[in-house]
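Novice: fold the following.
(chains A, B, C, D and E)
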Amino acid sequence: MTDSVNSLLPVWACLASLLAVPAILIFRKEPFLREGATFVAGLVKLGFVIAIYQHVKNGTAVECVLIEGPLPIVLRVDALGMVFALVASSLWILTSLYAIGYMRGLKEHSQTRFFAFFAVSLFATLGVAFAGNLLTLYLFYEILSLSTWPLVTHHQDKEARSGGRTYLAHLLGTSVAFALPALIFTWVKTGSEIEFGKAILESGDLGPWPTVALLLAFCFGFSKAGMMPFHSWLPGAMVAPTPVSALLHAVAVVKVGVFCVIRVVTEVFDTDLLTQAIGALSPSEILAWVAAFTVLVSSLIALTQDNLKRRLAFSTIGQLSYIVLGVALLHDLAWRGSVLHIAAHATGKITLFFCAGAIYVATGKKYISQMRGLGRRMPITFTAFFIGSLGVIGLPPSLGLISKFHLVLGAANAGQIALLVVFLISTILNAAYFLPIVYQAFFPKSDEVDPGEAGAEKFSWHSVKEAPWACVVPLSITALLSFGLFFTSGFLQELVKLFVASH
Amino acid sequence: MKWFALIAVVITGSLLIYGVSDFPDWGDAQSPANAGAKSSTGEPIGESVSQFYITETGRLTHVPNLVTAVLADYRGYDTMFETVVIFAAGMAIFAILRVLREDKHTLGPPAKDTTADGDHGRIIVGTTCKILIPVIQLFSLYVVAHGHYSPGGGFQGGVMLGASFILLAVAKDLGSALTWFTEKRFMTLACVGILIYAGFGLMAQFLQRHFLDYGVLHVILPKTDEVMARSHSMLGVEIGVAFTVTAIMFAIYANLSSRGELKRGL
Amino acid sequence: MKEFFETSIEPHFNYWVYVILMMIGLWAVIAKNNLIKKLIGMSIFQTAIILFYVSVGVKKGSGIPIIPKAKEAAAGAGEHGAAGAVNPDLFANPLPHVLMLTAIVVGVSTLGVALAVAQQLFKDFGTLEEDEILEQIKTADKASPDG
Amino acid sequence: MIPIFDYIILIFMVIAAIISLKVKDLLSASMVFGIYSFLICLLWAEMGAVDVAFTEAAVGAGVSAVFLIATVYNTKRRSSD
Amino acid sequence: MADQFPAIIVLAPLFGALIVGLAGSRDHRICFPVVLVSLAVSLFASLGVFLQVLQSGPVSYFMSGWDTEKSVLGAGIELRIDAINGLVLIVIAVVSILVSIFSIRRAGEETTEKTPQFYVLFLLLTVGIFGMTVTNDAFNLFVLVEVSSLTSYALIAMGKARRGTMAAFNYILMGTVGASFYLLGVGYLYLKTGTLNMGHIHEVLTANGGEIGRSPSVMVAFVMILVGLWIKMAFFPLYGWLPNAYSYAPSTSGCILAPLMTKVSVYVMIRVMLGVFGWEWVFGHLGWNHAVVWLAVIAILAGSVLALAQRELKKMLCYLIVAEVGYMVGGAWLADSEGWGMTGAIYHILADAFMTLCLFIAASILVKRCKARRIEDLGGMFKKMPVTMTGFIIGALAMIGIPPTCGFFSKFYLIRGGIESGHWEFVAALILSSLINAVLFFRIFEIAFFGNKPAEGHGHEEGETSEQGSIGEQALSVREARLSTLIPLLVTAAIVILLGVFNGPVIAVIRSAIEPLIAVGG
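Specialist: Predicted structure coming up:
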């Protein structure tokens, strides 16, 4: 158990982006001031998070009880929350920068609404990161689901409508149908005890089958984690503008899902509960196999996708299940790998999405088959894409290597050789669906550098230039980040060690 | 619908009969309702309200008619709201039916028998009413005032007074009844009636007692003690009730018989 | 015969009749088609309840609940000896009577309002038969769902 | 107290209730309803509830019936049931 | 002064009504200030008496001064306020004040020169509802039920829609039958116990090991009272009068009736269950809780499914009320040993009053402003009326049960009750109805967000200049509602959230009030 200090810092860190909303609304006629407000809020937020980091790195949790009572609302920052908060708040600034370039580049409508809900969703994301009990976690989880809906359906066309429907139906439906009952059941079972900090359900509280049911109810309930069979919202949500996809798939939404799963596995259940035997398996192993299944199937599907964003989406599903799988291994090293993979995947995947968006802004191309040779025209973008994909595959030099290394070691040490094989196979699959894109972009066969099919509009490769600077700069930064974290991952590893040590 | 009604009736009926099976005998003076609940050993549980009313009312309120005493004093709060119910009904009917502007959609006058024969009958009726109405009104005032000693009180007197105006409207026509008892007057009268009632209660409150605790009014009523103050105040509230009831009974009739136009009645 | 009458029928006869009246009223409220008939049924229903209450307050051989000053003294002296005390068994229970005064008044108020609504319905639909009104509403629904 | 008097009134009340609901002419139904109220008022007077009887006479047999008649007069006199 | 608070709560609106009745027709402008002042006095008195209750336990007030020293218990009429009805009183006062603000201009438009009468009825309705909540006398409750019923019949029938008139007629029949059943039940109780005071009845029923309580006629009395109240609150098989009545009533009437009438009836049911018959009798002796919970489950599902089938906004909300009544009745009958279901039901009374008010005000604005009676007509409303839609969303989220609105927390406690009492069917019904509500409301949000037919392919328009978008088919002249309707809406929305966030103290008050009632039964 760690010490804790009381402080309002977490509240301010959360509120920083919420308070930006009125400013954004007031300056709706002045685009520069409006986006300025977003930036200022982002920087302020990051500042608060770093201020909290100064406490957390010494092993002290920062706590703030907002509402007392039988159902308290508590913010509590520990090492795990800190990792996520750092990732989310730093990447928000970059995403905002990118969003400006993207939205202006495409002259999108309703930009004020867009930025306002963007800020709200960041508020909710940090809320999840700092949640001090299950109820607070659920509260911000739901706010996030709702506040991202207008972002997903931003285009307000037919496609957006059906995408938005799938999105909400999955996220809201599962959270109400599974997570809420599981939450209340936990609350009742423990006699109003839902605080994080020690295992909520102690050993002996539940038999093996109820444990499995509760565990799966939580994990499927927090379906932002994208575990099959509740994954299909992710590709559906691809109708959103690319900055949103980046936010959804790299930073906020999906990471909130896996974050919740990590919280549940590490804080709700005592280890003894998860290792009770049901036949040959234990509850945690059942979860691990569900995740493993997701990893493999989603990677295979990703191989078949031609739409770049859809391929990225299925890749995300697989990567998320890595994290879940790592957690389910119940091994120190695997846990470390899981948490690190949050950061690794976030930086890598956000780069990839930024690149996809930049390509779309510059050329209007969505499909991989149309991108042959494009790397020569947009070298920065595709270099960044390459670095990002390295991070996601887990090749050096990227943070992804470190996290995957831990995961694999964890699987080996936990004695789960079958799951180890899953990791390895899926890594190969990852490489198989990313590297050809890069390869074809830079080294096309000469006859393929030709405009698309007959009947398509005339498209001149020579007019293609890099996307606007506001798009290119962020993606360069994230690529550098993904690259640089390989060398400077020390502070993250310290945090992760703190997290693992506290359990 | 008929089948549904049959089922509902049979179920409710059998349930009620089932309840009846364990009632005390009809007219049993020692039944719980009349003499208070008793345990199987005959021990009374709490005191009997009814017996308290019968034995103590004379001493506490000096009113021989127990019903009036209970109505206007012990359960005066109930009776005030009973008056409010009537008032609300009057307001409701005004709100629903009253036609304030000439509306094209209203139907023409009801088919009315205006032959000479009808006029002939009208003379007899009119004359009878001319004689009868003052008598009724006088009697109804007596009923209101004498409610302490004999059956009657504000409601009965009020209804009769209202009925006398209705009789006038039936015998002549609504218009002539309305010439004196105009809408503004009867609506005001209805309000004033409740105001009188609630005013008595409020006065008790101003004198640091509970609402409707008339006993304290001996402070302001001349030559009374607590008991007589109750008796006198009861008369006051009965008059209030009578005002409201009179006004609203007539108002309801006036609106119903003229479809809210207040022009011609039946 | 007389004995049977006194032991089996008499004690609860009032209550049985009230149930019968009440069921007649309830039947009319639900099953009758004409709105005025429904209201008459409703009034019968209410009076049945009043009948029940008044029957509760009856004491065999008692008088009306008015205690004249002279009688009060006599009753007190005759039964209990203590002057001024009244034998409660000699007077009907006043409480149900009071309650039922209220109920009657409530009943007439409700009837008045209901009749006003019925007249309004007649203005709108030109009929007071429930099935015809529902038919008209259904037709209007098909044409336009508003109003 | 004469119980048989009681019973006769009670039985007549039931009959009056049924008639007032069976008659197709609403004006007659209103009148029969007035009779019903009058019977019940007799019954109460006989049971010692003089105040209730008085009120019922004024309200039930008098005003209620008048209200019903006024409405019937302003709407339709015939009823389908 | 302070000891008169219980009476003042009821009397202030009564005097207000009389003043409006006397002076209102001379000058319509005085109506609103009088209404507001009298309701504010009620609110003040409710708060005052609630504080007294918190400090020193339940407060009794004997009308006409016939307290137990001067006479026997039950000779006079007792008002009794404990923590639970203290809360309900505050809710009633706040809701009616908000609705009165909402009605400033509305009432005049909808009632065509009958504004004073409208306000008289409005105030008398609050008198009835306040009275029902404070009284401790079973018969007085009946009288006040009739006050509130008569006024609500009139408030509904005042509308111009002829379907509303027919609905009002059905409501009169159903309401009268319901009230009569209640009266009959009270009569049976009186026959057995010889008293009308609720506390006294409870004493008699439980005395001597509860021998009187075991007689069949007491059981019949309970059934009659229960059925009567179920009709009043539109519990499932008896809900037929509600949807048309509330949806075709004038909007101001709908806004005051929908949040208050059913909720107060539920409160009365709980009071009768706990205060008159007692926990032990209802759940121990009678033991029908399983049947009633199943009925509630059916009510919840039927209400939700019927709501799903509606195409009109207000009717949909009305069917949701039917479902919500199922929540409350089910919760009250869960009978788990710690009373969590009851806690949830009472909290839901408070929460649902504000949720319903929020939705009804928003729906009334939408129906009025854009003639959008049907859900399909709401296209593009987010653009045109953002503030109204914000209020609507908050109400809707509360209905679905999204934190931190109060709807979430009430569901939370109800589900807890369901789990502890082992009524898994109730838990499942709650969750299913949440999901159905989510579908319902997101269907509306979608239409309001996209317009009826979403554009083919999204438009990349010229920056901010075309902020209006191409989505709406409605005339663009539809603008935001006026301030007098927006203020109550936003205040209600804020209350919905605040009541949820600060549920802790409210729950603590409710728990402290019902724990002794449960303990008495064992």
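Novice: looking at the stretch 101-250 of chain A, which residue is nearest chain E?
Specialist: Scanning the stretch 101-250 of chain A for proximity to chain E using CB to the nearest CB identifies A:H155 as nearest, at 3.2 Å. C-beta: built from backbone N, CA, C; applies to glycine.
Novice: the chain: strands as residue ranges?
Specialist: Because you didn't say which chain, this covers chain A. A:3-6, A:60-67, A:73-77 (DSSP state E).
Novice: that's the wrong chain, I wanted chain E
Specialist: Secondary structure of chain E (DSSP E): strands at E:59-62, E:78-81.
Novice: which residues are in contact with the last one?
Specialist: Pointing back at strand E:78-81 there. Applying CB atoms under 8 Å, 6 or more residues apart in numbering or on different chains, the contact partners of strand E:78-81 are E:6-7, E:10, E:49-50, E:53, E:58-63, E:89, E:134-137, E:197-199.
Novice: redo the strands of chain A as TSV? Include distance to E:I81 and mean pLDDT.
Specialist: Below are the strands of chain A laid out as TSV (distance: least, CB to CB, whole Å; pLDDT from 0 to 100):
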stretch	distance to E:I81	mean pLDDT
strand A:3-6	39	76
strand A:60-67	27	82
strand A:73-77	31	86
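Novice: any idea which of the ones you listed is most buried?
Specialist: strand A:73-77 (a mean of 24; mean count of other CB atoms under 10 Å in any protein chain shown).
Novice: now do that one: which elements does it pack against?
Specialist: Contacts defined by 3 or more CB pairs under 8 Å, 6 or more residues apart in numbering or on different chains; DSSP states H and E place strand A:73-77 against helix A:9-26, helix A:31-56, strand A:60-67, helix A:111-130, helix A:134-152.
Novice: go again using 7 Å as the cut-off
Specialist: With contacts defined as 3 or more CB pairs under 7 Å, 6 or more residues apart in numbering or on different chains; DSSP states H and E, strand A:73-77 has these neighbours: helix A:9-26, strand A:60-67, helix A:111-130, helix A:134-152.
Novice: so for chain B, which of these sits nearest?
Specialist: strand A:60-67 (40.3 Å).
Novice: what angle separates that closest one from helix A:31-56?
Specialist: On the basis of axes from the mean of the first three to the mean of the last three CA atoms, to 10 degrees, strand A:60-67 is oriented at 120 degrees to helix A:31-56.
Novice: tell me which other helices or strands strand A:60-67 touches.
Specialist: Short answer (3+ CB pairs under 7 Å, 6+ apart): strand A:60-67 packs on strand A:3-6, helix A:9-26, helix A:31-56, strand A:73-77.
Novice: ranking those by mean pLDDT, which is last?
Specialist: Lowest mean pLDDT within the helices and strands packed on strand A:60-67: strand A:3-6, at a mean of 76.
Novice: need the contact partners of that one.
Specialist: With contact meaning CB atoms under 7 Å, 6 or more residues apart in numbering or on different chains, strand A:3-6 is reached by A:55, A:60-64.
Novice: within the sheet, what are the partner strands of it, with directions?
Specialist: Looking at strand A:3-6 with DSSP bridges, its partner strands are strand A:60-67 (parallel).
Novice: got a pLDDT number for the closest residue to E:M261 other than its chain neighbours?
Specialist: The shortest distance from E:M261 to any non-neighbouring residue, by CB to CB, 6 or more residues apart in numbering or on different chains, is to E:S152 (6.2 Å). Looking at E:S152, its pLDDT is 92.
Novice: for the stretch 351-500 of chain A, just list every one of the helices.
Specialist: A:374-377, A:379-393, A:399-413, A:417-442, A:469-487, A:490-501 (DSSP state H, counting those that start in this stretch).
Novice: pretty sure D:R77 is touching D:K24, no?
Specialist: No - between D:R77 and D:K24 there is no contact under CB atoms under 7 Å: 9.4 Å.
Novice: can you pull out the low-pLDDT segments for chain A?
Specialist: A:1-3, A:192, A:197, A:445-465 (pLDDT under 70).
Novice: ok, back up a step: which among the contacts of strand E:78-81 count as buried?
Specialist: Buried members of the contacts of strand E:78-81, counted by 16 or more other CB atoms under 10 Å in any protein chain shown: E:6-7, E:10, E:49-50, E:53, E:58-59, E:61-63, E:89, E:134-137, E:197-199.
Novice: closest point of the stretch 101-250 of chain E to chain A, which residue?
Specialist: Distances between the stretch 101-250 of chain E and chain A by CB to the nearest CB are smallest at E:F236, namely 22.6 Å.
Novice: and the closest residue to that residue other than its chain neighbours, what's its pLDDT?
Specialist: Among residues not flanking E:F236 along the chain, E:A299 sits closest, at 3.3 Å (CB to CB, 6+ apart). pLDDT, E:A299: 93.
Novice: gap between E:A299 and E:Y413?
Specialist: With the distance defined as CB to CB, to the nearest Å, E:A299 ends up 19 Å from E:Y413.
Novice: next, count neighbours for A:V421.
Specialist: Using other CB atoms under 10 Å in any protein chain shown, A:V421 has 12 other residues around it.
Novice: could you pull up phi and psi at the nearest residue to E:L397 once chain neighbours are set aside?
Specialist: Nearest residue to E:L397, sequence neighbours excluded (CB to CB, 6+ apart): E:T405, at 5.4 Å. Dihedral angles of E:T405 (phi, psi; degrees, to the nearest 10) stand at phi -80, psi 160.
Novice: which residues touch the residue in chain A positioned nearest to chain E?
Specialist: Proximity of chain A to chain E (CB to the nearest CB) peaks at A:G69, 1.8 Å away. For A:G69, the contact set (CB under 7 Å, 6+ apart) comprises E:503-505, E:507-508.
Novice: contacting residues for the spatially closest residue to E:F426 that is not a sequence neighbour?
Specialist: Leaving aside its sequence neighbours, E:F426 sits nearest to E:G418 (CB to CB, 6+ apart; 4.2 Å). Going by CB under 7 Å, 6+ apart, E:G418 touches E:334, E:341, E:424, E:426-427, E:430.
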